[in-house]
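K.L.:
Give me a 3D structure for the following:
(chains A, B, C and D)
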Number of protein chains: 4
Amino acid sequence: MNVMGWRMPVSKRRSRHVLGVALAMLLIPASLLAEDSGGQVVVRQLRGESLSHSLIGTDPVRKLAIYLPAGYESAVQRYPVIYYLPSPLAKFDEDFYRGSVRGVLDRAVAAGEIGKVIFVAVDMATPLGCSWYLNSPVTGNWEDYMVRELVPYVDANFRTLASRDSRGIAGDFMGGYGAIRFGMTHPEVFGTVYALHPVGTGSGIYTMYSRPDWKLLAHIQSVDELKASPFGMIFTSIFQASVPDVNRPPLYIDLQAHPVGDTVEIDSAVTERLRDNFLLETMIGKYANNLKSLRGLRFDWARNDGNYDHVYSNQAFTHELNEFGISHEAEEYNGVWGTGNWGVDGRVYTEVLPFFARHLVIDARSAPAP
Amino acid sequence: MNVMGWRMPVSKRRSRHVLGVALAMLLIPASLLAEDSGGQVVVRQLRGESLSHSLIGTDPVRKLAIYLPAGYESAVQRYPVIYYLPSPLAKFDEDFYRGSVRGVLDRAVAAGEIGKVIFVAVDMATPLGCSWYLNSPVTGNWEDYMVRELVPYVDANFRTLASRDSRGIAGDFMGGYGAIRFGMTHPEVFGTVYALHPVGTGSGIYTMYSRPDWKLLAHIQSVDELKASPFGMIFTSIFQASVPDVNRPPLYIDLQAHPVGDTVEIDSAVTERLRDNFLLETMIGKYANNLKSLRGLRFDWARNDGNYDHVYSNQAFTHELNEFGISHEAEEYNGVWGTGNWGVDGRVYTEVLPFFARHLVIDARSAPAP
Amino acid sequence: MNVMGWRMPVSKRRSRHVLGVALAMLLIPASLLAEDSGGQVVVRQLRGESLSHSLIGTDPVRKLAIYLPAGYESAVQRYPVIYYLPSPLAKFDEDFYRGSVRGVLDRAVAAGEIGKVIFVAVDMATPLGCSWYLNSPVTGNWEDYMVRELVPYVDANFRTLASRDSRGIAGDFMGGYGAIRFGMTHPEVFGTVYALHPVGTGSGIYTMYSRPDWKLLAHIQSVDELKASPFGMIFTSIFQASVPDVNRPPLYIDLQAHPVGDTVEIDSAVTERLRDNFLLETMIGKYANNLKSLRGLRFDWARNDGNYDHVYSNQAFTHELNEFGISHEAEEYNGVWGTGNWGVDGRVYTEVLPFFARHLVIDARSAPAP
Amino acid sequence: MNVMGWRMPVSKRRSRHVLGVALAMLLIPASLLAEDSGGQVVVRQLRGESLSHSLIGTDPVRKLAIYLPAGYESAVQRYPVIYYLPSPLAKFDEDFYRGSVRGVLDRAVAAGEIGKVIFVAVDMATPLGCSWYLNSPVTGNWEDYMVRELVPYVDANFRTLASRDSRGIAGDFMGGYGAIRFGMTHPEVFGTVYALHPVGTGSGIYTMYSRPDWKLLAHIQSVDELKASPFGMIFTSIFQASVPDVNRPPLYIDLQAHPVGDTVEIDSAVTERLRDNFLLETMIGKYANNLKSLRGLRFDWARNDGNYDHVYSNQAFTHELNEFGISHEAEEYNGVWGTGNWGVDGRVYTEVLPFFARHLVIDARSAPAP
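P.N.:
Model prediction:
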């Protein structure tokens, strides 16, 4: 039997659309037809003054991948912008943005899932893993870099709608952490937030201190020694961001735990500093009104993440947001993290872009008639 | 500032569409243009032979509300069908289907969220609450009514695509239970299933037997006495469906629990029968291959349901489906059950219809060219 | 068949003991034999200067019930002391302490579950429910009353071992909250803590603000109006303790939420103040070192509490204690709160007293030879 | 300061006891004084006919360690018996029973935590890990071995109280699974059950099929190949017990999952068989009345087990027991599995032995006067 899919957003919708366009082809200007030819990805590098004083060799020159929608060059229109923080665990890959990301965005625009949009991916990895998107005397001032350097650069060099209402931020995994964090700390910059499976939202089902090798950290002589420890590098990146200590080479961190025989002793003060600076859940009270000022806030997570800490912490995080009356969407779905976020019918296509479509704003005056 | 929403599925998408159509107007047949004028809801009644022998005064004449898409009357096309089981707690209301439901479906079809579809709502309430969609000598043979009478009636009287591939079933709350149950027991009839916040999927955070008033049930003389007991009627409807006993008027049920002093004694055999016949979780093993044969299976639930039993049981249900390797989507969302499922940007519009759009099939041969 | 219980702590252990005693009867002093004759409960009243300035009519004269162990009057020994905070929901009842409590303590001492101990129960209920054991300009300075008045009074009037090492505190439900709170804030006074099914340890599965009737609170004219609202009195007692406002009669509280149409708007600042002052979980960071200095810390809760908030919050609380490396025991048990804590083989007998027996200290020099 | 512990069950209680004994020394028979000299552990081997036909080289000669209480040899008394199933992950170690176990039991008897008891540890490990305590054509008939051979052997060779009322069973980890399973299937043999941190009570937070390496299992040529797979041996032992297939060397199991590309396809029938035969939760309905007939049923588990599956499954298990109205105790405690169960103040001393003391029965007629 000759069956076919029923919705097929592109084929069915576009086919209807194409029908009209085909019939009308002689009557309408070429620029409108160009809509279906797809966008382009340009790669830039932006040196960050805010990043120039790190103690750990952070490269202050950061790579950007900027998706410009179909027809960008020939138009005068300004566009909303979605900033995107990829998981630092995935190597920043130009080809990915030139290929998969461009494909998904083109398809979403063509199908009407979202209007034309600029999409800016930025690499915020540090030598040990993640910047955690905050200012640290050890790793660099990443918060400043984003807000004072990167966003102004993009607004100055591309035809953006340069206001919070038209500027969103999304991210994946640690990047999801970053997206929420920027929504907390800079709602005047980013008006809409979507985090895909964020980590670091709260403490996990197991304690944070149960992960690192404290004997190693207590006596480490060289950063290279971290490589042998499964959680060594990523937790050190957390500590460099949250409990930095410029006087303690080579890691430049204060230690939350100290080995005592076969167990550890927890330093209460360092623990509190770590939690106050790092865990999004702990930061809610301080930034509640900022979060309430967002146009849209959403995150989701996969129920079957092999690290159940991530599930537990997101469940706790949505609870605490509700305690402060902060409107948000928070969906736990059946699945494993990361599987096909950027694939056909992946969550970027089915969830992230439609969410921004509902919450970002365009200025009707500067937009051409539809 | 003159800002406007950005996606606006109807206005943006339709306007592009209308643009094409407007330009092409002279060249295409009128029937295609009629697409935007909206569908109609017809109300019918269908007497069920399967329901004619109940012991509790079930009305065998059931009301249907049938949405026919725009242009139905003048076309020859056959359409997919979505059956819908409303929550029996909400009184079956013709006006609701003529108004809210028609509005949501018209808008979704116009915006391209789903193709044209027939939508059939059916009232399966019993005198005490819910039929639970199964055959019972006490309440009627509801499973038979659906499969042997209602579906054939609809296929005979409307231009449907009369196969499982093009037939879906959805429901809300108890109706969500029913949708999954029919997917389990009759995948040859319903190929795609969506349950909104289903109940009865498994046992709750509290025991089932902790809800009814067993002293009342042990000595009841008249069905009217149930009204004073908060959970009396709804649990009795469960028992009449799952542990019926035709020899025990006035309720015609076997009792799971017997009061002994201030506590109760649980009858293991009745408990096992109740669980085997009622809880969807317990039924998974028996119907696993049926569930695997579905084209699509999805359910969701609101995390903040005031009755946490519903959250707990759905969490357990998705776990058990995974244990059997049954593909499905299962989303827990931040919110309260029922709030605006049928509203603008409610879950029917944003989740249910797109899901059916992805999974229902139309026969390309019988469908007119797009 | 003539079967008998096997352990029977009293009969078997005492019988062995009695055997020895019986055989030795002529050889040992009478005072040792008096051991089995049981303790006594004296009731006192202690006026609290710390409570004399409340705005809500708190009675500054508080009732105490003091259990003195068998042989107290004829001995010169000093004894450890366990303070006990009953649930304010249970009316403070002298007869209870003279009967049930005395019986349990006598039996435990006789069976060797614990050595001889003084046990002091104190009534800290306020007109609206609970003092929550802290200093408030509205309800009175309860923390001061306990630490500066009550404990010194007991030490001055009874032969106590007057140090933290020999002083413990326990409580039930809200009283369990109080026991942990005093352990947090005054470990120099109370060295060992046991909380039975504490509440207020953290936020619940539902938000705190979802409980009160905010329309009522916004417009209330008289305290009496609270009685019609299910959670009205108890939540107002929380607010009077945690977010007092002496300028706002008749309740003297700041409002966390303000009704807006059918929903409410949450005041972030009041919410943060409420959480910082009330929730034990939020207080952990500030008092972590105090908690670590305790000789023993334990709490438990019943898994099947009809209010699942209490289960959820205790689960979260033990997690947070672990995050700070605070040693403690935390047991979730199968049961319903309060069933038989003070009964035969109730948790006071099987859990609370043995825990204090393991952690309280006696000064061997001042104790008579065994 | 010269402080000392307060309860010190041995020193305080024994000292009181010793006081009596010392004073009475001349008046009582020597056999009573021998009480404090401690028990003995004898090691035996029992060949199992039930184990002689396994396909995997199970050794039918099983080692037993039997603790006999102080004074056993010179007395005529009969004693209750506790059977103990150690975790097969811990190598059965005679020295352990001669040392640690004897020490704990001696101390508990001396302190009056429990009366004199015989304690029988038995090794039920198979070549791949665990027998799972059931009859399998592949691994041997372990259920039969226990019930038809081992218990009769012990009753025939030692002075036991040979009835269910005086016979208990306990176990640790997989042995805890076994203890509950024997309570389910043979309550006529074992009247009281305590399981320490049992596994296999239900499915985990992750699916069972996610653990094994199905590509390996599908093509395995030799049992030795399992060693490279982290969960290979232990899951194969589960399958050999639950879904045996005598016609499929070398593992003799049916496969629940079949690799298909990068994913697996789950066999519903094998899955259901596996669950019905293996998971205690799934077996509850069938054995509910057996479980209700137990004198005592208790299990506990550590909340911070590094494998959260064990926590989740035990939480679900106690829920299902409650659904059937099966009385039991089920405690989730703060800690990590296995830490010091057999240590001073370990759970065997503080929980397991007192529980048996409360539930096992001695026949007063055959017991000598205390």
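K.L.:
Chain C contacts on chain A?
P.N.:
A:203, A:205, A:207-209, A:257, A:264-266, A:268, A:271-272, A:275-276, A:285-286, A:288-289, A:292, A:316, A:319-320, A:322-326 (Cβ under 8 Å from any Cβ of the partner chain). Heads up, the C-betas are built off the backbone N, CA and C, glycines and all.
K.L.:
Just the residues you listed: which are in helices?
P.N.:
The helices, defined by DSSP state H, take in A:268, A:271-272, A:275-276, A:285-286, A:288-289, A:292, A:316, A:319-320, A:322-323 from those.
K.L.:
Contacts only, for A:His197.
P.N.:
A:Asp172, A:Phe173, A:Gly176, A:Phe299, A:Asp300, A:Trp301, A:Ala302, A:Asp305, A:His310, A:Asn314, A:Trp337, A:Gly338 (Cβ atoms under 8 Å, 6 or more residues apart in numbering or on different chains).
K.L.:
can you give me the strands for the stretch 51-200 of chain A?
P.N.:
Under the criterion DSSP state E, counting those that start in this stretch, strands of the stretch 51-200 of chain A are mapped to A:61-68, A:81-85, A:118-122, A:125-126, A:129-130, A:135-136, A:140-141, A:167-172, A:192-196.
K.L.:
what comes into contact with the last one?
P.N.:
When you say that, I think you mean strand A:192-196. Outside strand A:192-196, the residues that touch it by Cβ under 8 Å, 6+ apart are A:167-173, A:175-177, A:179-180, A:182-183, A:294-300, A:341, A:347-348, A:351-352, A:355-356, A:359-360.
K.L.:
tell me the pLDDT at A:Val243?
P.N.:
What the model reports as pLDDT for A:Val243 is 98.
K.L.:
who touches it in this structure?
P.N.:
A:Ile253, A:Asp254, A:Gln256, A:Val270, A:Arg273, A:Leu274, A:Asn277.
K.L.:
now it: how far from A:Ala125?
P.N.:
20 Å (Cβ to Cβ, to the nearest Å).
K.L.:
Next: A:Leu360.
P.N.:
Computed as Cβ to Cβ, the A:Leu360 to A:Ala125 distance reads 27 Å.
K.L.:
quick one, which of these two is more surrounded?
P.N.:
A direct count of neighbours by other Cβ atoms under 10 Å in any protein chain shown for A:Leu360 and A:Ala125 places A:Leu360 higher, at 27 against 21.
K.L.:
Was I right to think that one contacts A:Ser163?
P.N.:
No. If you go by Cβ atoms under 8 Å, A:Leu360 and A:Ser163 don't touch, sitting 10.2 Å apart.
K.L.:
ok, residues contacting stretch A:175-182?
P.N.:
With contact meaning Cβ under 8 Å, 6+ apart, stretch A:175-182 is reached by A:84-88, A:124, A:132-134, A:143, A:146-147, A:169-171, A:189-190, A:193-201, A:280, A:283, A:297, A:299.
K.L.:
if I read this right, A:Gly171 contacts A:Pro198, doesn't it?
P.N.:
Yes. Between A:Gly171 and A:Pro198 there is a contact under Cβ under 8 Å: 7.4 Å.
K.L.:
ok, those two, which is more surrounded?
P.N.:
In terms of neighbours (other Cβ under 10 Å), A:Gly171 is the more surrounded of A:Gly171 and A:Pro198; the figures are 29 against 26.
K.L.:
Spatially nearest residue to that one (excluding sequence neighbours)?
P.N.:
Closest residue to A:Gly171 apart from its sequence neighbours, by Cβ to Cβ, 6 or more residues apart in numbering or on different chains: A:Leu85 at 3.4 Å.
K.L.:
Enumerate every residue touching A:Asp165.
P.N.:
Contact analysis of A:Asp165 by Cβ under 8 Å, 6+ apart lists A:Gly191, A:Arg295, A:Leu360, A:Val361, B:Val3.
K.L.:
ignore the last one, A:Tyr83
P.N.:
Contacts for A:Tyr83 were tallied using Cβ under 8 Å, 6+ apart; they are A:Val120, A:Ala121, A:Val122, A:Met146, A:Leu150, A:Val151, A:Arg167, A:Gly168, A:Ile169, A:Ala170, A:Phe190.
K.L.:
Export the residues you listed as CSV, with columns for pLDDT, neighbour count and distance to chain B.
P.N.:
Below are those laid out as CSV (pLDDT from 0 to 100; neighbours: other Cβ atoms under 10 Å in any protein chain shown; distance: Cβ to the nearest Cβ, whole Å):
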residue, pLDDT, neighbour count, distance to chain B
A:Val120, 98, 24, 17
A:Ala121, 97, 25, 21
A:Val122, 96, 23, 23
A:Met146, 98, 28, 23
A:Leu150, 98, 21, 23
A:Val151, 98, 22, 19
A:Arg167, 98, 25, 12
A:Gly168, 98, 28, 10
A:Ile169, 98, 28, 16
A:Ala170, 98, 28, 15
A:Phe190, 98, 25, 16
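K.L.:
Closest one of those residues to D:Gly103?
P.N.:
Checking the contacts of A:Tyr83 against D:Gly103 by Cβ to Cβ gives A:Ala170 as the nearest, at 60.6 Å.
K.L.:
That closest one touches A:Leu85, doesn't it?
P.N.:
Yes. If you go by Cβ under 8 Å, A:Ala170 and A:Leu85 touch, sitting 7.3 Å apart.
K.L.:
quick one: the residue nearest to the spatial centre of chain A from A:Thr185, how far?
P.N.:
The structure's chain A has its C-alpha centroid closest to A:Gly171; by Cα atoms, centre = their mean the separation is 1.8 Å. To A:Thr185, A:Gly171 is 14 Å away according to Cβ to Cβ.
K.L.:
Wait, A:Met283 touches A:Asp276, no?
P.N.:
Yes. A:Met283 is within contact range of A:Asp276, at 7.3 Å (criterion: Cβ under 8 Å).
K.L.:
Which one's more surrounded, these two?
P.N.:
A:Met283 (21 against 14).
K.L.:
Wait, the residue nearest to A:Gly171 touches A:Asp123, no?
P.N.:
No. Counting by Cβ under 8 Å, A:Leu85 stays clear of A:Asp123, with 9.0 Å between them.
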